[in-house]
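> no sequence for this one, just the structure:
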């Protein structure tokens, strides 16, 4: 049986980390006077919101936090899909 809460928790952590790392580009955008600061801000906030929600949902009432082979494949696939979907 696939434990979807483990997958959601790990993908949520990945999205939160990506959201936080997006904020590091904002000072460079301001320094070079480009228009990317607001896009980076909103993208980071969206990643933080969705990732935080997945992380919170996956953390609650988790019976087994052990990642098996099926959950690992789910984490890799869903991590890729969510990151591509949020960057487009």
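Noted; the coordinates are in hand. This is a predicted model, so every value here is computed, not measured.
> the helices in the chain, which residues?
Under the criterion DSSP state H, the chain contains helices at 4-22, 26-31, 36-59, 69-87.
> Can you mark which positions in stretch 36-55 are buried?
37, 40, 43-44, 47-48, 50-51, 54-55 (16 or more other C-beta atoms under 10 Å). Glycine gets a C-beta too; all of them are placed from N, C-alpha and C.
> Quick check: of those residues, which lies closest to residue 71?
Comparing the buried residues of stretch 36-55 against residue 71 with C-beta to C-beta places residue 54 closest, at 14.0 Å.
> which residue packs closest to that closest one, ignoring adjacent ones?
The shortest distance from residue 54 to any non-neighbouring residue, by C-beta to C-beta, 6 or more residues apart in numbering, is to residue 12 (3.3 Å).
> Count residues in the vicinity of the one you found, would you?
Taking other C-beta atoms under 10 Å as the neighbour definition, residue 12 ends up with a count of 21.
> How about residue 8?
Using other C-beta under 10 Å, the number of residues around residue 8 comes to 23.
> Contact partners for it?
54-55, 57-58 (C-beta atoms under 8 Å, 6 or more residues apart in numbering).
> okay, residue 65: pLDDT?
pLDDT recorded at residue 65 is 66.
> same thing with the one 4 residues further on?
On the pLDDT scale, residue 69 is placed at 84.
> Just give the nearest non-adjacent residue to the residue nearest the centre of the chain, would you?
Residue closest to the mean C-alpha point of the chain, counted by C-alpha atoms, centre = their mean, is residue 15 at 0.9 Å. The spatial neighbour of residue 15 that comes closest, neighbours along the chain excluded (C-beta to C-beta, 6+ apart), is residue 51 at 2.7 Å.
> that older thread, greatest separation within the contacts of residue 8: which pair is it?
Farthest apart among the contacts of residue 8 by C-beta to C-beta are 55 and 57. That separation is 7.4 Å.
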